[in-house]
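In: Any chance you can model this:
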Amino acid sequence: MQKHLKLVSGSDLRGVAVDIGGGINFDRETARSAAFQFATLLREQTGKNALTVAVGHDPRLSHGELAAGALEGLGASSVRVLDCGLCTTPAMFMTTVDLRCDGAIMITASHLPFERNGMKFITAKGGLESAQVRKIALQMEDVAPAQPEVEKVDYLSAYAQGLVDFIRRETGSERPLTGKRIVVDAGNGSGGFFAERVLATLGADIQGSQYLDPNGLFPNHIPNPEDAGAMQAICRAVLDSHADAGVIFDADCDRAAVVDEHGTPINRNRLIALLSAIYLEKCPGGTIVTDSVTSAGLTRFIEGLGGKHLRYRRGYKNVIDKAIELGEQGIPCPMGIETSGHCAFAENYYLDDGAYMAARLMVELARRGDLTSLIEGLEEPAEEKEIRLRLTNEDFRPDGERIIERVRQAIGQRADWSANADYEGVKATVRLPGGEGFILVRLSLHDPVAPVNIESDVAGGVKEMAAQLLDVLSGAAGVDLSPLAAAAR
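Out: Below you'll find the predicted structure:
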């Protein structure tokens, strides 16, 4: 039914599952019908009638009702279920590898507030594409509940042991983190296991770790490595504990970031640079695929290591799918990573897995003693800013396309603007006194918004480029330019 399309969020279904005053639109019945349609899709893909599907969840308050609904929907489709309980999204994918499940459902809304919840659908090829999730939403209808054959499985423990085995294998040591203090901030999501079942098992001192207990209200901070408050919390924990490193996860552990011993965040461009240094050593000349908003200094860093940098469209599925495509073409591509922290490695099934990424970084910490020495020489922008321009008409996409065309034409007309090859929107390299910068204008994947990313090598460059762009877009219909005007003042 069309009403369920509003739940589609990229490659997930998401909605309001706890009533905080505005009602809910994602309930037990919704989960039941979505799970039933996922089973239908799996049968179409696999040609199998007898299916096994794993189901897991993060600690959100609504997980019980939605998990019950998912089981009822799978039961109505005569699917055998492995109930994994509290789990992570990457672990749910690994059930298709280790337990040979035909698919998996993770009940989560990632980093969103506690009242939100949703479902991620996983096959042996990874998460579903957006078009497949839209198909599920369009076909969702009332389903009579039925109880499936259910087996409870503590798969998170098996997944954690797999990370332990990986780190031991890569370092050649049973307890390679002995002598290291490493703190973990799980944001009261599913990631607390990493401190206790991975790091401590490998000899690390995890004193100072915080918010490890699952709590569906997320009472301390939003579980999001991109959130400034969350990053401040892990940075303080590292400094207060005199730790060698810190790790922070989102609620379902498909994203992570790290902090060095000085309490300095290693996220966004710095995280991509760090992982590029590691993987280009393992894959000389390889291509690193990122989203479109990475910095010019990162490109120079990757090229300085002998690698190639491909900026692709935003959206972690876009980035990962491009990395997979290059690999299938025989182009060495060890990694696809988005600035948000979504990251997938060729050596790990191109699985979007924040805990595996953290494990890889723990290997390097054990080997080298620190992490930041790997990114010495990374040129970071003097200034950067994202400005979100609201598109005001109901049919917003044509207005957004016209804005992009205006910028494209300006590149051909202004002597200080030059074209910059990209796969998303339009990007101009801008010559500035004493340096350069760029302006990237694109359309949001789902919302009536035209995000503008501006980066400058010199102080004051963002303000200058915002003023130039405001001049180019002045008089454009269907767009609120006031945030751009504010940035230009």
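In: Name the nearest residue to the residue nearest in space to the middle of the chain, ignoring sequence neighbours.
Out: Per C-alpha atoms, centre = their mean, the C-alpha nearest to the average position across the chain is that of residue 342, at 3.1 Å. Leaving out its chain neighbours, the residue that sits closest to residue 342 by C-beta to C-beta, 6 or more residues apart in numbering is residue 316, at 3.4 Å. All C-beta spots, glycine's among them, are computed from the backbone N, C-alpha and C.
In: Any idea how many residues pack against that neighbour?
Out: Close neighbours of residue 316, defined as other C-beta atoms under 10 Å, add up to 23.
In: thought residue 242 was touching residue 182?
Out: No - judged on C-beta atoms under 8 Å, residue 242 makes no contact with residue 182 at a distance of 11.6 Å.
In: Counting neighbours, go ahead and name the busier of these two.
Out: Comparing residue 242 with residue 182 by other C-beta under 10 Å, the one with more neighbours is residue 182, at 29 against 11.
In: tell me the secondary structure for the more buried one?
Out: Recorded secondary structure, residue 182: strand (DSSP: H, G, I helix; E, B strand; the rest coil).
In: Quick check: it vs residue 275, distance?
Out: Distance of residue 182 to residue 275, computed by C-beta to C-beta, to the nearest Å: 18 Å.
In: Name the residues of stretch 321-336 that are buried.
Out: Buried residues in stretch 321-336, counting neighbours by 16 or more other C-beta atoms under 10 Å, are found at 321-324, 326-327, 332-336.
In: actually stretch 234-253, not the one I wrote
Out: Within stretch 234-253, the residues that count as buried by 16+ other C-beta under 10 Å are 234-239, 241, 243-253.
In: CA atoms only for the helix of greatest length in the chain, dumped as PDB, please.
Out: In terms of residue count, the longest helix belonging to the chain (DSSP state H) is helix 28-46. C-alpha atoms of helix 28-46 as PDB (Å, rounded to 0.1, in the frame of the first residue of the first chain):
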ATOM      1  CA  ARG A  28       3.600  -4.900  15.500                       C
ATOM      2  CA  GLU A  29       1.300  -5.200  12.500                       C
ATOM      3  CA  THR A  30       3.700  -3.200  10.300                       C
ATOM      4  CA  ALA A  31       6.600  -5.400  11.300                       C
ATOM      5  CA  ARG A  32       4.500  -8.500  10.700                       C
ATOM      6  CA  SER A  33       3.500  -7.500   7.100                       C
ATOM      7  CA  ALA A  34       7.100  -6.300   6.300                       C
ATOM      8  CA  ALA A  35       8.600  -9.600   7.500                       C
ATOM      9  CA  PHE A  36       6.000 -11.500   5.400                       C
ATOM     10  CA  GLN A  37       6.900  -9.600   2.300                       C
ATOM     11  CA  PHE A  38      10.700 -10.000   3.000                       C
ATOM     12  CA  ALA A  39      10.100 -13.800   3.000                       C
ATOM     13  CA  THR A  40       8.300 -13.500  -0.300                       C
ATOM     14  CA  LEU A  41      11.300 -11.600  -1.800                       C
ATOM     15  CA  LEU A  42      13.700 -14.200  -0.400                       C
ATOM     16  CA  ARG A  43      11.800 -17.000  -2.100                       C
ATOM     17  CA  GLU A  44      11.900 -15.100  -5.400                       C
ATOM     18  CA  GLN A  45      15.700 -14.500  -5.100                       C
ATOM     19  CA  THR A  46      16.700 -17.900  -3.900                       C
END
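In: tell me which residues in that helix are buried?
Out: Of the residues in helix 28-46, 28-39, 41-43 count as buried by neighbour count, 16+ other C-beta under 10 Å.
In: Would you state the strands of the stretch 301-450 of the chain in chain order?
Out: Assigned by DSSP state E, counting those that start in this stretch, the stretch 301-450 of the chain shows strands spanning 308-311, 335-337, 343-345, 383-390, 417-419, 426-432, 435-441, 449-456.
In: out of those strands, which comes closest to residue 170?
Out: Of all those, it is strand 343-345 that lies closest to residue 170, at 12.7 Å by C-beta to C-beta.
In: Show residues contacting the closest one.
Out: With C-beta atoms under 8 Å, 6 or more residues apart in numbering as the contact definition, strand 343-345 has outside contacts at 255, 271, 275, 279, 320, 323, 334-337, 350-354, 356-357, 360.
In: hmm, back to that, wait, isn't the residue nearest to residue 342 in contact with residue 353?
Out: No - Residue 316 is beyond contact range of residue 353, at 11.6 Å (criterion: C-beta under 8 Å).
In: Most widely separated two among the buried residues of stretch 321-336?
Out: Distance extremes for these: the farthest pair is 321 and 332 at 17.0 Å, using C-beta to C-beta.
In: before we move on, the earlier item: narrow the buried residues of stretch 321-336 to those in helices?
Out: The helices, defined by DSSP H, take in 321-324, 326-327 from these.
In: Nearest to residue 203 among those?
Out: For these, the nearest to residue 203 is residue 323 (33.1 Å; C-beta to C-beta).
In: Report pLDDT for that closest one.
Out: On the pLDDT scale, residue 323 is placed at 96.
In: now swap in residue 34 and tell me
Out: The per-residue pLDDT reported for residue 34 equals 98.
In: ditto for residue 147
Out: At residue 147, the pLDDT value in this model is 94.
In: Then residue 315?
Out: With respect to pLDDT, residue 315 has a value of 83.
In: any idea how far residue 348 is from it?
Out: Residue 315 sits 20 Å away from residue 348, going by C-beta to C-beta.
In: again with residue 204
Out: For residue 204, the distance to residue 348 (C-beta to C-beta) stands at 21 Å.
In: which one of the two has more residues nearby?
Out: residue 204 (27 against 19).
In: Appreciated, that's everything.
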